[in-house]
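In: Coordinates for the following, if possible.
(chains A and B)
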There are 2 protein chains.
Amino acid sequence: MAVNLAAPDPSALLPIKGVRLGITEASVRKANRKDLLLITLAAGTRVAGVFTRNRFCAAPVTVARANLQTGGIRALVVNTGCANAGTGDDGIARARQTCAEVARLLGCVPEQVLPFSTGVIMEPLPVERIAAGLPRCVAALGEKNWADAATAIMTTDTVAKAFSRRVDIGGHSISVTGIAKGSGMIRPNMATMLGFIATDALVDQKLLQQATTYAAERTFNCVTVDGDTSTNDALIVVATGQGGAPEITKSDSAEFKLFLDAVTEVAAALAQALVRDGEGATKFITIQIGGGINETECRKVGYAIAHSPLVKTAFFASDPNLGRILAAIGYAGIDDLDVAKVDLYLDEVMVAKSGGRTQSYREEDGQRVMKQAEITVRVELNRGASTATVWTCDLSHDYVSINADYRS
Amino acid sequence: MAVNLAAPDPSALLPIKGVRLGITEASVRKANRKDLLLITLAAGTRVAGVFTRNRFCAAPVTVARANLQTGGIRALVVNTGCANAGTGDDGIARARQTCAEVARLLGCVPEQVLPFSTGVIMEPLPVERIAAGLPRCVAALGEKNWADAATAIMTTDTVAKAFSRRVDIGGHSISVTGIAKGSGMIRPNMATMLGFIATDALVDQKLLQQATTYAAERTFNCVTVDGDTSTNDALIVVATGQGGAPEITKSDSAEFKLFLDAVTEVAAALAQALVRDGEGATKFITIQIGGGINETECRKVGYAIAHSPLVKTAFFASDPNLGRILAAIGYAGIDDLDVAKVDLYLDEVMVAKSGGRTQSYREEDGQRVMKQAEITVRVELNRGASTATVWTCDLSHDYVSINADYRS
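Out: Alright, predicted model coming up:
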């Protein structure tokens, strides 16, 4: 059960001129499910991306990263069911075969195709089944298939994730639409597996990459479900330039700022949707760390809390066993932390002041907040001016069930 | 259900001359359970200890660490039910009151008493109930109460943990007996909450501390259940010197080496018992990392695997979804790791060779090993000569149940 997350309304998703999407059932792992997505891009589209920092990055990540360098990207191809990770040289060859097959159908070269895979790790990619499905994707290509595309990239997701924003830049309306998938193996480190955002804005290539990194840092890189950084994480932002707005060329312009905000808003909605649909999630938890010396230590504390199985199970139980949060702060790795300065709040309820339970704290106040579906944990370190926010979910029986049964 | 762990046989536990133990029911948190332990030490006993590195260390840890500096320790007092952590200055005062009460009964000064607490964090220690129980502990003092003592310090433990070793040093027999508790919030960083080891050997104070640190590093500091470092971890080793063997004074002597091995053996049995009785554990997993450039990076990889909820749930399900182990190796934080050199074994079954699934690997071989109650994961990084071992357990439905219901 996702936390306050509804399936996207197809009519609310803005088509992006120059982007067409085609979906099919290719039986990559299981029959009778949409598991193959082809996205084609108009000539001249600029593409930026950030990829997983997992050293065991998947074969498609290696190929996509290389192809992105050569530029002139005309298509993205995405399969679920098989991650093509931990597959060595053979995996690289299969990712390239997929690109070659797309290129042949579209009349471009293989290096103009970016491949993406998600699913089980260390299984060979069934490239022949993908090749057999691709002509059906081509036949289905259309601008209005965003909701279907969001569905086709799901694995253990229970709800498809897609959002749009329209923003007025200098009198011209531009559209941004994005889709993402993921609900387990989620601690993105650069981006999550998989986010695709498209816009019809015309944006300088360098600025587009800058916007992608900026948005990833503030959205996908702030969420965690289980602390497991995927082998296949990727966030891709494409700008077709077909919306009619003039080119954005200056990083200090008001236009770029508006564009940056629009992309970041869509990315944030997608990233938070991953957590809302986190495997087994029953609670959506925002962890705000303030008063740190730098952002790095704030993030350390935020992730220590977000990854603690004891904290996560307490949230699942709606149990204000809040000493577990203090314990997590204590082992977050800040060697010179003065715990006598630390304050802890649950929503507006002050729980601990100066490192100990505050006099005013009443168990029933903590209990009331813990029962909510959305909870904010706020920690004040009181040693500096930096802040960080991490979004996470609880750890429930369903997380164990989902991951114990995933392959069966 | 603990994994291959039987309750201690009281008759197999060696009494240590100079150490007496008394247990009672003090209703610290719940009625009708043994929850208070007093250990008295003969005059002249030498005491060494290592404590949690959690910055939110509990009040008793702060007091015990300080009292240990002054020396001349005559008693340890241990309660379960309340950790007296996250309790600020009031917590320190209550820990000191406990020591004062023990000192009054035994006729020593409060600084000669080391206090220890385990249980719920951020609740005030009911020092009046502890004071009321202490005279009953004194009345019950005896040399043969080790098994009872192991029971009195349990919290969510399902099996009491106590082990003895006898070793011959230069024609003299010395005895080592230890007890420990803990099954959740277990990722000791210095030692676990709580381990007590006693010996009748006569050992130089500096060497005793050296032996304590040595044993902790190789045993308690190599186990993890959930990655949560406790606020109350402590390992205490006491040497009464009453066994009749001559004093061990040289760190390079054969006698010290034998002593070190005996203490480490007892510590290893206790530390592994924590994992075997890890909350909800159904599997005992040994993770061996080889071929690292240094021990630190080997431990990083070992802990990344041991803490991955995805790896742990796969073990619970006996599902050889071993790509999850590769993914954990990949995000362990070794930036220059060449994954094309990494080999992975499950017991004797080679799973991955040079970073990818090996040709010879058959799913049924992985399945066979995964079904065992005891499994060894071996990773060869092939970039150096260092090694490390981490012991852990799986993540089951019972872990969630135990920690969702802990306080109720």
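In: And the contacts of stretch A:127-144?
Out: A:10, A:13, A:15-17, A:19-28, A:36-38, A:40, A:77, A:79, A:94, A:97-98, A:101-102, A:105-106 (Cβ atoms under 8 Å, 6 or more residues apart in numbering or on different chains). Bear in mind the C-beta positions are built from the backbone N, C-alpha and C, glycine included.
In: swap the cut-off to 6 Å and go again
Out: The contact list for stretch A:127-144, computed with Cβ atoms under 6 Å, 6 or more residues apart in numbering or on different chains, reads A:15, A:20, A:22, A:24, A:26-27, A:36, A:38, A:79, A:94, A:97-98, A:101, A:105.
In: Go through it and flag the buried ones.
Out: A:Val127, A:Arg129, A:Ile130, A:Ala131, A:Gly133, A:Leu134, A:Cys137, A:Val138, A:Ala140, A:Leu141 (16 or more other Cβ atoms under 10 Å in any protein chain shown).
In: Can you name the residues bridging to the closest residue to A:Val102 other than its chain neighbours?
Out: Using Cβ to Cβ, 6 or more residues apart in numbering or on different chains and skipping residues adjacent in sequence, the residue nearest A:Val102 is A:Val113, 4.6 Å away. For A:Val113, the beta-bridge assignment (DSSP bridges) gives partners A:Ala75.
In: Tell me how far A:Val113 lies from A:Gln97.
Out: Distance, A:Val113 to A:Gln97, using Cβ to Cβ, to the nearest Å: 11 Å.
In: repeat for A:Ile329
Out: For A:Ile329, the distance to A:Gln97 - Cβ to Cβ - is 49 Å.
In: which of these two has more neighbours?
Out: The residue with more neighbours, out of A:Ile329 and A:Gln97, is A:Ile329; 28 against 17, by other Cβ atoms under 10 Å in any protein chain shown.
In: does the more buried one belong to a helix or a strand, and which?
Out: According to DSSP states H and E, A:Ile329 maps onto helix A:323-330.
In: any residue of that helix up close to chain B?
Out: Yes - using Cβ under 6 Å from any Cβ of the partner chain, helix A:323-330 comes into contact with chain B via A:Gly323, A:Leu326, A:Ala327, A:Gly330.
In: tell me which element the closest residue to A:Ala160 other than its chain neighbours falls in.
Out: Here the nearest residue to A:Ala160 in space, its sequence neighbours aside, is A:Ala150; by Cβ to Cβ, 6+ apart that works out to 3.8 Å. According to DSSP H and E, A:Ala150 maps onto helix A:146-152.
In: about what we covered before: count the neighbours of the residue nearest to A:Val102 for me.
Out: By the other Cβ under 10 Å criterion, the neighbourhood of A:Val113 contains 27 residues.
In: ok, it - contacts?
Out: Residues near A:Val113 by Cβ under 6 Å, 6+ apart: A:Ala75, A:Cys99, A:Val102, A:Ala103.
In: Could you tell me which of those belong to helices?
Out: Among the contacts of A:Val113, the residues falling in helices (DSSP state H) are A:Cys99, A:Val102, A:Ala103.
In: beta partners for A:Ile179?
Out: A:Ala162, A:Phe196.
In: Could you pull up phi and psi at the residue of the stretch 151-300 of chain A at minimum distance from chain B?
Out: Nearest residue of the stretch 151-300 of chain A to chain B, counting by Cβ to the nearest Cβ: A:Thr229, 3.8 Å away. When read as degrees, to the nearest 10, the backbone of A:Thr229 gives phi -70, psi 120.
In: for A:Gln288, same thing?
Out: Dihedral angles (degrees, to the nearest 10) for A:Gln288: phi -110, psi 120.
In: Show residues contacting stretch A:180-187.
Out: A:153-154, A:156-157, A:161, A:192-195, A:224-225, A:227-230, A:270, A:274, A:277-279, B:310.
In: ah, wrong one, I meant stretch A:398-408
Out: So stretch A:398-408 is contacted by A:Thr156, A:Glu279, A:Gly280, B:Leu310, B:Thr313, B:Phe316, B:Ala317, B:Asp319, B:Asn321, B:His397 (Cβ under 6 Å, 6+ apart).
In: Please identify the buried residues of the helix holding A:Ala150?
Out: Buried residues in helix A:146-152 (16+ other Cβ under 10 Å): A:Trp146, A:Ala147, A:Asp148, A:Ala149, A:Ala150, A:Thr151, A:Ala152.
In: which bits of the stretch 201-350 of chain A sit near chain B?
Out: A:226, A:228-229, A:231, A:308-310, A:313, A:316-317, A:319, A:321, A:323, A:326-327, A:330-331, A:337, A:339.
In: Quick one: classify the residue of chain A positioned farthest from its centre as helix, strand or coil.
Out: Distance from the C-alpha centroid of chain A peaks at A:Gln359, with 40.4 Å (Cα atoms, centre = their mean). In three-state terms, and counting by DSSP: H, G, I helix; E, B strand; the rest coil, A:Gln359 is coil.
In: Walking through the stretch 151-300 of chain A, point out its helices one by one.
Out: In the stretch 151-300 of chain A, the helices defined using DSSP state H, counting those that start in this stretch lie at A:205-218, A:254-276, A:295-307.
In: and the last one, what does it pack onto?
Out: Think helix A:295-307. strand A:284-292, helix A:323-330, strand A:386-393 (3 or more Cβ pairs under 6 Å, 6 or more residues apart in numbering or on different chains; DSSP states H and E).
In: Can you list the neighbours in contact with the next helix or strand after the second one?
Out: Per DSSP H and E, helix A:323-330 leads on to strand A:343-346 as the next helix or strand towards the C-terminus. Identification of contacts with strand A:343-346 by Cβ under 6 Å, 6+ apart yields A:Val351, A:Ala352, A:Lys353, A:Gly366, A:Val369, A:Arg378, A:Val379, A:Glu380.
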